[in-house]
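Novice: Output the structure for:
(chains A and B)
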Amino acid sequence: MAYKPQYGPGQSVPAANRRKQMDPSRKLAKLRDVSDKDLVLVMGHRAPGSAYPSAHPPLSEQQEPACPIRKIVTPTDGAKAGDRVRYIQFSDSMYNAPCQPYQRSYLEAYRFRGIDPGTLSGRQIVECRERDLEKYAKELVGTELFDTALTGIRGCTVHGHSLRLDENGMMFDMLQRAVIDKKSGVVKIVKDQVGVPLDAEVKLGKAMDAKWLKANTTMFHSVSGVGFRDDPEYVEYIQRIHSLRTKYGFMPKEA
Amino acid sequence: MTEATFPQCRVDSERFMNPETTERLLNQIISVPGVRRMVLNGPRLPATVPYGPSKGIANPHPMRKTIRVGDQEMELQVHVGTVLLELENRDIIPALKAAIEPVFRDFSFHIKEGRFMKTEPSLVDFCKYGPDADKEIIGLADPNSRSKPIIIQGTK
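Specialist: I've put the predicted structure just below:
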(Lines give C-alpha, C1' and ligand atoms only; values in the text may rest on other atoms or scores of the structure.)
Protein backbone atom coordinates (compact mmCIF):
# COMPACT_ATOMS: atom_id res chain seq x y z
CA MET A 1 0.00 0.00 0.00
CA ALA A 2 1.40 3.37 -0.96
CA TYR A 3 1.57 5.44 2.17
CA LYS A 4 2.29 9.13 2.22
CA PRO A 5 3.02 10.45 5.70
CA GLN A 6 1.08 13.55 6.70
CA TYR A 7 3.27 14.41 9.73
CA GLY A 8 0.60 16.46 11.43
CA PRO A 9 -2.77 18.21 11.18
CA GLY A 10 -3.59 21.90 11.01
CA GLN A 11 -3.97 24.78 8.60
CA SER A 12 -2.15 27.49 10.55
CA VAL A 13 1.42 28.72 10.14
CA PRO A 14 2.82 26.84 13.16
CA ALA A 15 1.13 23.64 11.95
CA ALA A 16 2.67 23.98 8.48
CA ASN A 17 6.08 24.69 10.05
CA ARG A 18 5.77 21.58 12.20
CA ARG A 19 5.17 19.47 9.12
CA LYS A 20 8.08 21.11 7.32
CA GLN A 21 10.48 20.40 10.17
CA MET A 22 9.34 16.81 10.53
CA ASP A 23 9.54 15.89 6.87
CA PRO A 24 12.96 14.19 6.45
CA SER A 25 12.88 14.69 2.68
CA ARG A 26 13.08 18.44 3.20
CA LYS A 27 16.47 19.86 4.04
CA LEU A 28 16.49 22.21 7.02
CA ALA A 29 17.53 25.75 6.11
CA LYS A 30 20.98 26.56 7.39
CA LEU A 31 21.16 29.84 9.31
CA ARG A 32 24.58 29.90 10.94
CA ASP A 33 27.97 28.26 10.85
CA VAL A 34 28.98 26.56 14.05
CA SER A 35 32.38 24.89 14.03
CA ASP A 36 32.90 21.40 15.46
CA LYS A 37 35.23 22.83 18.07
CA ASP A 38 32.64 25.38 19.23
CA LEU A 39 29.96 22.71 19.53
CA VAL A 40 32.24 20.46 21.57
CA LEU A 41 33.04 23.42 23.83
CA VAL A 42 29.38 24.31 24.36
CA MET A 43 28.37 20.72 25.13
CA GLY A 44 31.32 20.26 27.46
CA HIS A 45 31.57 16.47 27.26
CA ARG A 46 35.20 16.32 26.11
CA ALA A 47 38.07 18.69 25.36
CA PRO A 48 38.06 19.84 21.72
CA GLY A 49 40.49 17.79 19.66
CA SER A 50 40.75 14.95 22.19
CA ALA A 51 39.96 11.37 21.14
CA TYR A 52 36.52 9.95 21.76
CA PRO A 53 36.60 7.80 24.89
CA SER A 54 35.32 4.48 23.51
CA ALA A 55 34.97 0.84 24.55
CA HIS A 56 38.25 -0.89 25.22
CA PRO A 57 39.30 -3.32 23.81
CA PRO A 58 37.62 -2.13 20.57
CA LEU A 59 34.27 -3.73 19.80
CA SER A 60 35.75 -5.50 16.75
CA GLU A 61 38.12 -7.40 19.07
CA GLN A 62 35.46 -8.19 21.62
CA GLN A 63 33.32 -11.29 21.45
CA GLU A 64 29.85 -9.97 20.80
CA PRO A 65 26.94 -12.27 21.61
CA ALA A 66 25.12 -13.92 18.72
CA CYS A 67 22.11 -11.68 18.17
CA PRO A 68 19.83 -11.57 15.12
CA ILE A 69 19.10 -7.85 15.66
CA ARG A 70 22.79 -7.01 15.34
CA LYS A 71 22.70 -8.65 11.94
CA ILE A 72 19.64 -6.74 10.76
CA VAL A 73 20.51 -3.22 12.00
CA THR A 74 23.45 -1.32 10.56
CA PRO A 75 25.14 0.42 13.50
CA THR A 76 25.65 4.19 13.47
CA ASP A 77 29.24 5.45 13.46
CA GLY A 78 29.18 6.04 17.20
CA ALA A 79 27.70 2.64 17.99
CA LYS A 80 30.21 0.93 15.72
CA ALA A 81 33.06 2.66 17.56
CA GLY A 82 31.62 1.90 20.99
CA ASP A 83 31.36 5.57 22.02
CA ARG A 84 29.94 6.83 25.27
CA VAL A 85 26.32 7.99 25.35
CA ARG A 86 26.18 11.76 25.77
CA TYR A 87 23.46 14.40 25.54
CA ILE A 88 22.41 17.82 24.40
CA GLN A 89 19.43 19.55 25.94
CA PHE A 90 17.43 22.53 24.70
CA SER A 91 15.01 24.96 26.31
CA ASP A 92 12.63 26.76 23.99
CA SER A 93 10.89 30.00 24.88
CA MET A 94 7.15 29.98 24.33
CA TYR A 95 7.44 33.43 22.71
CA ASN A 96 7.61 32.15 19.13
CA ALA A 97 10.70 29.98 19.44
CA PRO A 98 11.35 28.11 16.18
CA CYS A 99 11.06 24.70 17.80
CA GLN A 100 9.57 23.19 20.96
CA PRO A 101 10.11 20.03 22.99
CA TYR A 102 7.50 17.67 21.47
CA GLN A 103 8.31 18.88 18.01
CA ARG A 104 12.01 18.22 18.63
CA SER A 105 11.37 14.62 19.60
CA TYR A 106 9.14 14.06 16.58
CA LEU A 107 11.55 15.54 14.08
CA GLU A 108 14.57 13.81 15.59
CA ALA A 109 12.78 10.50 15.36
CA TYR A 110 12.11 11.19 11.67
CA ARG A 111 15.54 12.57 10.83
CA PHE A 112 18.14 10.86 13.06
CA ARG A 113 19.13 7.28 13.94
CA GLY A 114 20.20 5.78 17.23
CA ILE A 115 18.77 8.48 19.49
CA ASP A 116 16.92 8.51 22.79
CA PRO A 117 14.91 11.73 23.08
CA GLY A 118 13.38 12.78 26.38
CA THR A 119 10.54 15.29 26.23
CA LEU A 120 9.54 17.54 29.09
CA SER A 121 7.26 20.57 29.22
CA GLY A 122 9.92 23.24 28.73
CA ARG A 123 13.00 21.32 27.66
CA GLN A 124 14.01 18.40 25.55
CA ILE A 125 17.05 16.21 25.87
CA VAL A 126 18.44 13.90 23.23
CA GLU A 127 20.94 11.21 24.10
CA CYS A 128 23.03 9.21 21.68
CA ARG A 129 26.57 8.07 20.97
CA GLU A 130 29.04 10.94 21.22
CA ARG A 131 30.17 10.86 17.60
CA ASP A 132 26.58 10.85 16.34
CA LEU A 133 25.59 13.51 18.85
CA GLU A 134 28.07 16.00 17.46
CA LYS A 135 26.77 15.41 13.97
CA TYR A 136 23.14 15.82 15.04
CA ALA A 137 23.87 18.79 17.33
CA LYS A 138 25.35 20.64 14.38
CA GLU A 139 22.04 20.32 12.59
CA LEU A 140 20.04 21.22 15.69
CA VAL A 141 22.07 24.39 16.36
CA GLY A 142 23.03 25.52 12.86
CA THR A 143 19.64 25.41 11.18
CA GLU A 144 16.17 26.93 11.37
CA LEU A 145 15.45 24.86 14.51
CA PHE A 146 17.51 27.25 16.60
CA ASP A 147 17.31 30.90 17.52
CA THR A 148 20.14 32.38 19.51
CA ALA A 149 17.86 34.42 21.81
CA LEU A 150 14.85 32.13 22.25
CA THR A 151 16.54 28.72 22.35
CA GLY A 152 18.97 27.73 25.07
CA ILE A 153 21.48 24.88 25.18
CA ARG A 154 21.08 23.96 28.82
CA GLY A 155 22.14 20.78 30.59
CA CYS A 156 20.72 21.93 33.93
CA THR A 157 18.83 24.91 35.45
CA VAL A 158 16.71 25.05 32.33
CA HIS A 159 13.98 27.35 33.70
CA GLY A 160 12.99 30.07 31.22
CA HIS A 161 10.59 28.49 28.72
CA SER A 162 7.44 30.06 30.14
CA LEU A 163 8.90 33.26 31.55
CA ARG A 164 8.81 36.74 30.09
CA LEU A 165 11.76 37.64 27.92
CA ASP A 166 14.22 40.15 29.25
CA GLU A 167 14.61 43.70 28.01
CA ASN A 168 17.20 42.62 25.44
CA GLY A 169 14.87 39.96 24.01
CA MET A 170 16.71 37.00 25.54
CA MET A 171 14.98 34.10 27.30
CA PHE A 172 15.61 34.07 31.06
CA ASP A 173 18.55 31.92 32.12
CA MET A 174 19.58 31.74 35.76
CA LEU A 175 23.15 30.88 34.70
CA GLN A 176 23.18 33.30 31.73
CA ARG A 177 25.03 30.95 29.42
CA ALA A 178 24.32 33.14 26.40
CA VAL A 179 24.92 36.88 26.50
CA ILE A 180 23.82 39.40 23.90
CA ASP A 181 26.14 42.19 22.84
CA LYS A 182 23.78 45.17 22.86
CA LYS A 183 25.66 47.16 20.25
CA SER A 184 26.15 44.51 17.59
CA GLY A 185 23.23 42.25 18.57
CA VAL A 186 25.48 39.19 18.41
CA VAL A 187 24.79 36.43 20.92
CA LYS A 188 27.82 34.80 22.53
CA ILE A 189 27.85 31.64 24.59
CA VAL A 190 30.08 32.16 27.62
CA LYS A 191 29.37 29.01 29.64
CA ASP A 192 28.95 25.39 28.69
CA GLN A 193 25.69 23.43 29.03
CA VAL A 194 26.01 23.02 32.79
CA GLY A 195 27.26 26.53 33.60
CA VAL A 196 31.05 26.11 33.65
CA PRO A 197 32.65 29.25 32.14
CA LEU A 198 34.31 28.65 28.76
CA ASP A 199 37.91 29.62 28.07
CA ALA A 200 36.85 31.23 24.80
CA GLU A 201 33.40 32.58 24.05
CA VAL A 202 31.46 31.06 21.18
CA LYS A 203 29.78 33.54 18.84
CA LEU A 204 26.47 32.25 17.50
CA GLY A 205 25.42 35.30 15.53
CA LYS A 206 22.45 37.62 15.71
CA ALA A 207 19.04 36.67 17.01
CA MET A 208 16.34 36.31 14.37
CA ASP A 209 13.90 39.20 14.03
CA ALA A 210 10.28 39.08 15.17
CA LYS A 211 8.94 38.76 11.61
CA TRP A 212 11.06 35.70 10.84
CA LEU A 213 10.16 34.13 14.17
CA LYS A 214 6.45 34.62 13.59
CA ALA A 215 6.70 33.06 10.16
CA ASN A 216 8.85 30.11 11.29
CA THR A 217 7.64 29.27 14.77
CA THR A 218 6.11 25.93 15.67
CA MET A 219 4.71 27.28 18.91
CA PHE A 220 1.08 28.29 19.29
CA HIS A 221 0.75 31.44 21.38
CA SER A 222 -2.45 33.45 21.42
CA VAL A 223 -0.80 36.75 22.43
CA SER A 224 2.41 36.88 20.44
CA GLY A 225 1.51 34.63 17.51
CA VAL A 226 -1.24 32.25 16.37
CA GLY A 227 -3.52 30.86 19.08
CA PHE A 228 -4.05 27.10 19.22
CA ARG A 229 -7.82 27.57 19.13
CA ASP A 230 -7.52 29.50 15.88
CA ASP A 231 -6.66 26.22 14.17
CA PRO A 232 -9.88 24.13 14.31
CA GLU A 233 -8.34 21.17 12.48
CA TYR A 234 -5.60 20.88 15.09
CA VAL A 235 -8.14 21.16 17.92
CA GLU A 236 -10.26 18.42 16.36
CA TYR A 237 -7.25 16.13 16.01
CA ILE A 238 -6.09 16.69 19.60
CA GLN A 239 -9.61 16.14 20.92
CA ARG A 240 -9.87 12.88 18.99
CA ILE A 241 -6.53 11.64 20.35
CA HIS A 242 -7.52 12.71 23.86
CA SER A 243 -10.85 10.97 23.62
CA LEU A 244 -9.36 7.74 22.27
CA ARG A 245 -6.62 7.71 24.90
CA THR A 246 -9.18 8.25 27.65
CA LYS A 247 -11.40 5.46 26.36
CA TYR A 248 -8.49 3.15 25.56
CA GLY A 249 -9.05 0.89 28.55
CA PHE A 250 -12.62 0.29 27.41
CA MET A 251 -11.63 -0.95 23.94
CA PRO A 252 -12.88 1.97 21.87
CA LYS A 253 -14.56 1.32 18.56
CA GLU A 254 -14.83 4.17 16.14
CA ALA A 255 -18.17 4.66 14.42
CA MET B 1 3.32 40.46 56.96
CA THR B 2 1.35 43.55 56.25
CA GLU B 3 -1.54 45.41 57.79
CA ALA B 4 -4.71 44.87 55.81
CA THR B 5 -5.72 48.49 56.23
CA PHE B 6 -3.12 49.77 53.78
CA PRO B 7 -3.87 49.63 50.06
CA GLN B 8 -1.46 47.76 47.81
CA CYS B 9 -0.64 47.73 44.14
CA ARG B 10 1.51 45.78 41.75
CA VAL B 11 3.62 47.00 38.85
CA ASP B 12 4.09 44.35 36.16
CA SER B 13 6.30 44.95 33.15
CA GLU B 14 6.04 43.16 29.82
CA ARG B 15 9.73 42.22 29.99
CA PHE B 16 12.13 41.44 32.82
CA MET B 17 13.97 44.64 33.59
CA ASN B 18 17.68 45.28 33.29
CA PRO B 19 19.32 46.60 36.49
CA GLU B 20 19.50 50.12 35.03
CA THR B 21 15.76 50.13 34.29
CA THR B 22 15.01 48.74 37.74
CA GLU B 23 17.08 51.49 39.29
CA ARG B 24 15.23 54.14 37.30
CA LEU B 25 11.85 52.62 38.17
CA LEU B 26 12.51 52.39 41.89
CA ASN B 27 13.84 55.93 42.04
CA GLN B 28 10.71 57.14 40.29
CA ILE B 29 8.55 55.20 42.75
CA ILE B 30 10.22 56.68 45.81
CA SER B 31 9.89 60.14 44.36
CA VAL B 32 6.16 59.84 45.08
CA PRO B 33 5.48 60.36 48.80
CA GLY B 34 3.30 57.72 50.45
CA VAL B 35 4.94 54.39 49.53
CA ARG B 36 5.39 52.36 52.72
CA ARG B 37 7.04 49.22 51.39
CA MET B 38 8.25 47.65 48.16
CA VAL B 39 8.96 44.03 47.29
CA LEU B 40 10.90 43.14 44.14
CA ASN B 41 9.73 39.90 42.55
CA GLY B 42 11.22 37.81 39.78
CA PRO B 43 13.23 34.65 39.22
CA ARG B 44 16.27 34.32 41.47
CA LEU B 45 19.83 34.99 40.36
CA PRO B 46 22.02 33.09 42.83
CA ALA B 47 25.68 33.97 43.35
CA THR B 48 26.69 30.32 43.08
CA VAL B 49 25.20 27.53 40.98
CA PRO B 50 22.66 25.92 43.35
CA TYR B 51 22.35 22.47 41.75
CA GLY B 52 23.45 20.35 38.82
CA PRO B 53 26.90 19.05 37.87
CA SER B 54 28.56 22.43 38.45
CA LYS B 55 26.96 23.00 41.87
CA GLY B 56 28.87 25.45 44.04
CA ILE B 57 30.87 27.29 41.39
CA ALA B 58 30.52 31.05 40.97
CA ASN B 59 27.67 32.24 38.80
CA PRO B 60 28.58 35.56 37.21
CA HIS B 61 25.37 37.09 35.86
CA PRO B 62 25.06 40.45 34.10
CA MET B 63 21.63 41.08 35.63
CA ARG B 64 22.83 40.73 39.24
CA LYS B 65 24.21 44.17 39.96
CA THR B 66 24.29 46.65 42.77
CA ILE B 67 21.88 49.50 42.16
CA ARG B 68 21.36 52.76 44.01
CA VAL B 69 17.86 53.61 45.16
CA GLY B 70 17.52 56.92 46.98
CA ASP B 71 20.41 57.02 49.40
CA GLN B 72 20.85 53.26 49.64
CA GLU B 73 22.84 50.73 47.65
CA MET B 74 21.26 47.32 47.15
CA GLU B 75 22.36 44.17 45.40
CA LEU B 76 19.70 42.69 43.15
CA GLN B 77 19.02 39.05 43.96
CA VAL B 78 16.27 38.53 41.38
CA HIS B 79 15.68 39.46 37.77
CA VAL B 80 12.97 42.01 38.50
CA GLY B 81 9.69 41.62 36.61
CA THR B 82 7.15 42.68 39.25
CA VAL B 83 7.20 45.26 42.03
CA LEU B 84 4.70 45.04 44.88
CA LEU B 85 3.92 48.25 46.71
CA GLU B 86 2.24 49.00 50.00
CA LEU B 87 0.82 52.50 50.04
CA GLU B 88 -0.39 54.86 52.72
CA ASN B 89 -3.54 55.65 50.78
CA ARG B 90 -4.95 54.91 47.36
CA ASP B 91 -5.01 58.58 46.32
CA ILE B 92 -1.38 58.43 45.25
CA ILE B 93 -1.93 55.73 42.58
CA PRO B 94 -2.48 58.20 39.68
CA ALA B 95 0.66 60.12 40.70
CA LEU B 96 2.56 56.83 40.91
CA LYS B 97 1.41 55.84 37.46
CA ALA B 98 2.44 59.19 36.02
CA ALA B 99 5.84 58.91 37.69
CA ILE B 100 6.70 55.46 36.32
CA GLU B 101 5.27 55.89 32.83
CA PRO B 102 8.46 57.52 31.41
CA VAL B 103 10.55 54.51 32.55
CA PHE B 104 8.77 52.12 30.20
CA ARG B 105 9.54 53.53 26.78
CA ASP B 106 10.33 50.32 24.92
CA PHE B 107 7.78 47.97 26.42
CA SER B 108 4.49 48.16 28.28
CA PHE B 109 3.56 47.81 31.94
CA HIS B 110 0.47 47.44 34.11
CA ILE B 111 -0.28 48.88 37.48
CA LYS B 112 -2.96 47.08 39.41
CA GLU B 113 -4.58 47.66 42.79
CA GLY B 114 -5.29 44.62 44.92
CA ARG B 115 -4.02 42.53 47.80
CA PHE B 116 -0.65 40.99 47.02
CA MET B 117 1.07 40.62 50.41
CA LYS B 118 0.13 38.18 53.17
CA THR B 119 -1.82 39.55 56.11
CA GLU B 120 -1.86 36.39 58.29
CA PRO B 121 0.87 33.78 58.77
CA SER B 122 -0.25 30.43 57.41
CA LEU B 123 0.20 27.00 59.01
CA VAL B 124 2.96 26.33 56.48
CA ASP B 125 4.74 29.54 57.57
CA PHE B 126 4.57 28.31 61.16
CA CYS B 127 6.00 24.89 60.22
CA LYS B 128 8.75 26.39 58.08
CA TYR B 129 9.85 29.34 60.16
CA GLY B 130 8.69 28.50 63.71
CA PRO B 131 6.85 30.62 66.27
CA ASP B 132 9.56 33.27 66.63
CA ALA B 133 9.89 34.24 62.97
CA ASP B 134 10.05 37.94 62.17
CA LYS B 135 6.43 38.83 61.45
CA GLU B 136 7.43 41.91 59.47
CA ILE B 137 9.06 39.74 56.84
CA ILE B 138 6.78 36.68 56.68
CA GLY B 139 4.89 36.54 53.42
CA LEU B 140 7.22 39.02 51.73
CA ALA B 141 10.58 37.26 51.88
CA ASP B 142 12.22 34.32 53.64
CA PRO B 143 12.60 35.19 57.36
CA ASN B 144 15.50 32.72 57.60
CA SER B 145 17.45 34.72 55.07
CA ARG B 146 20.28 36.74 56.57
CA SER B 147 19.56 39.71 54.33
CA LYS B 148 17.48 42.39 55.96
CA PRO B 149 15.05 44.88 54.44
CA ILE B 150 16.60 48.06 53.14
CA ILE B 151 15.29 51.27 54.63
CA ILE B 152 15.26 54.25 52.32
CA GLN B 153 15.34 57.50 54.26
CA GLY B 154 14.03 60.88 53.37
CA THR B 155 10.97 59.93 51.33
CA LYS B 156 8.66 62.02 53.52
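Novice: Tell me which helix or strand the residue in the stretch 51-200 of chain A that chain B sits nearest to sits in.
Specialist: Using Cβ to the nearest Cβ, the single residue of the stretch 51-200 of chain A nearest to chain B is A:Cys156, 3.1 Å away. (C-beta placed from N, C-alpha, C; glycine too.) With elements taken from DSSP states H and E, nothing contains A:Cys156; it lies in neither a helix nor a strand.
Novice: how about it, phi and psi?
Specialist: phi -150, psi 180 (degrees, to the nearest 10).
Novice: wouldn't it be in contact with A:Gly195 here?
Specialist: Yes. Counting by Cβ atoms under 8 Å, A:Cys156 touches A:Gly195, with 7.0 Å between them.
Novice: which residues sit in contact with the residue of the stretch 51-200 of chain A closest to chain B?
Specialist: A:193-195, B:51-54 (Cβ atoms under 8 Å, 6 or more residues apart in numbering or on different chains).
Novice: Next, the buried residues of the longest strand seen in chain A.
Specialist: In terms of residue count, the longest strand belonging to chain A (DSSP state E) is strand A:197-206. Along strand A:197-206, these residues count as buried under the neighbour rule (16 or more other Cβ atoms under 10 Å in any protein chain shown): A:198, A:201-204, A:206.
Novice: What strand or helix carries A:Ile69?
Specialist: A:Ile69 belongs to helix A:68-72, assigned by DSSP H and E.
Novice: Pull out the buried residues from that helix.
Specialist: Quick answer for helix A:68-72: no buried residues (16+ other Cβ under 10 Å).
Novice: Now do B:Met63: how many residues are near it, please.
Specialist: 24 (other Cβ atoms under 10 Å in any protein chain shown).
Novice: now it, nearest residue through space, not along the chain?
Specialist: B:His79 (5.0 Å; Cβ to Cβ, 6 or more residues apart in numbering or on different chains).
Novice: Likewise for B:Leu45?
Specialist: Nearest one to B:Leu45, counting by Cβ to Cβ, 6+ apart, is B:Arg64 at 4.4 Å.
Novice: Which per-residue confidence value corresponds to the one you found?
Specialist: Looking at B:Arg64, its pLDDT is 95.
Novice: again with the one 3 residues further on
Specialist: pLDDT for B:Ile67: 96.
Novice: Which helix or strand contains B:Ile93?
Specialist: helix B:93-100.
Novice: and if you look at A:Lys80?
Specialist: helix A:77-81.
Novice: for the closest residue to chain A within chain B, helix, strand, or coil?
Specialist: With Cβ to the nearest Cβ, the shortest gap between chain B and chain A falls at B:Gly52, namely 3.1 Å. Following DSSP: H, G, I helix; E, B strand; the rest coil, the label given to B:Gly52 is coil.
Novice: That one and A:Ile241, how far apart?
Specialist: Distance, B:Gly52 to A:Ile241, by Cβ to Cβ, to the nearest Å: 35 Å.
Novice: Over to B:Asn27?
Specialist: Where A:Ile241 is concerned, B:Asn27 sits at a distance of 53 Å (Cβ to Cβ).
Novice: wait, what's in contact with the closest residue in space to B:Asp134 that isn't next to it in sequence?
Specialist: Excluding the flanking residues, the one nearest B:Asp134 by Cβ to Cβ, 6+ apart is B:Pro143, at 4.8 Å. Listed by Cβ under 8 Å, 6+ apart, the contact set of B:Pro143 reads B:129, B:133-134, B:137.
Novice: Separate out the buried members of those residues.
Specialist: Counted by 16+ other Cβ under 10 Å, those give B:129, B:133, B:137 as buried.
Novice: could the residues you listed go into JSON lines alongside secondary structure?
Specialist: Converted to JSON lines, the buried ones among the contacts of B:Pro143 look like this (three-state DSSP):
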{"residue": "B:Tyr129", "secondary structure": "helix"}
{"residue": "B:Ala133", "secondary structure": "coil"}
{"residue": "B:Ile137", "secondary structure": "coil"}
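Novice: Out of the residues you listed, flag the one nearest to B:Glu73.
Specialist: B:Ile137 (20.3 Å; Cβ to Cβ).
Novice: mind listing what's buried in the helix holding B:Ile93?
Specialist: Quick answer for helix B:93-100 (16+ other Cβ under 10 Å): B:93, B:96, B:99-100.
Novice: Spell out which parts of chain A neighbour chain B.
Specialist: Taking Cβ under 8 Å from any Cβ of the partner chain as the contact definition, chain A meets chain B at A:155-157, A:159, A:163-168, A:172, A:174-176, A:179, A:194-197.
Novice: Buried subset of these as a PyMOL selection?
Specialist: Only the buried entries of the residues of chain A next to chain B go into this PyMOL selection, using 16+ other Cβ under 10 Å:
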select buried, chain A and resi 155+156+157+159+163+164+165+166+167+168+172+174+175+176+179+194+195
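Novice: Could you tell me which of the residues of chain A next to chain B are located in strands?
Specialist: Short answer: the residues of chain A next to chain B in strands (DSSP E) are A:179, A:197.
Novice: Residues contacting the helix or strand following the longest strand of chain A, please?
Specialist: Downstream of strand A:197-206, the first helix or strand assigned by DSSP H and E is helix A:210-216. Helix A:210-216 is contacted by residues A:13, A:17, A:96-98, A:144, A:147, A:150, A:208, A:224-225 when judged by Cβ under 8 Å, 6+ apart.
Novice: So is the helix holding B:Ile93 next to chain A?
Specialist: No. Contact of helix B:93-100 with chain A (Cβ under 8 Å from any Cβ) is absent, the minimum separation being 15.3 Å.
Novice: Who are the packing partners of that helix?
Specialist: strand B:8-13, helix B:19-30, strand B:82-87, strand B:109-114 (3 or more Cβ pairs under 8 Å, 6 or more residues apart in numbering or on different chains; DSSP states H and E).
Novice: closest to A:Asp23 out of those?
Specialist: Judging the helices and strands packed on helix B:93-100 by Cβ to Cβ, what sits closest to A:Asp23 is strand B:8-13, at 39.9 Å.
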